[in-house]
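Asker: Next come a sequence and a model predicted from it.
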Amino acid sequence: MQRLSALAIFCHLFYVLFSMTTIGMFFDGHHLAPLFEFVRCAFFFVYSLRGLPLLESALNWMGLVDLYGPSVVTYTTLCLQIYFIVSAAIWSLIPALNLSSGRNKKKLN
């Protein structure tokens, strides 16, 4: 069984706490919530480039690696990377769209 390094444990803990904070910010309607969500998605993408040992352990534990082969880890990681990079790109557009809509409202007044 593979053990996680202290840095990996810290990154996982940071990610969970940051995710909960971001969710709370969305519920509160905080204006920085889209920025935090962008950072969260970008952090996951960058972190996943070196592999996701916790995901690999989970897929092994569920028996999916035995059932589908080791490529299931690669494909699952790739799907998650694509999801999070697209999410980061979309969340990076939200502040720009809000800024442009704010300018349009000022012109109307």
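Answerer: Thanks, I have the structure now.
Asker: tell me, what residue is most central in the protein?
Answerer: A centroid search over the chain (C-alpha atoms, centre = their mean) returns C41, at 3.1 Å, as the residue closest to the centre.
Asker: Distance from the helix or strand hosting it to the middle of the chain?
Answerer: Assigned by DSSP states H and E, C41 belongs to helix 33-48. Centre-to-centre, helix 33-48 and its host chain are 5 Å apart (C-alpha atoms, centre = their mean, to the nearest Å).
Asker: How about residues contacting that helix?
Answerer: Identification of contacts with helix 33-48 by C-beta atoms under 8 Å, 6 or more residues apart in numbering yields 11, 15, 18-19, 21-22, 25-26, 77, 80-81, 84-85, 87-88, 91-92, 94-95, 98. C-betas here are computed from N, CA, C, even on glycine.
Asker: how about H31, phi and psi?
Answerer: Torsion angles at H31 (phi, psi; degrees, to the nearest 10) stand at phi -70, psi -20.
Asker: With L32 instead?
Answerer: phi -90, psi 0.
Asker: what bits of the protein have low per-residue confidence?
Answerer: Regions of the chain meeting the criterion pLDDT under 70 cover residues 1-2, 99-109.
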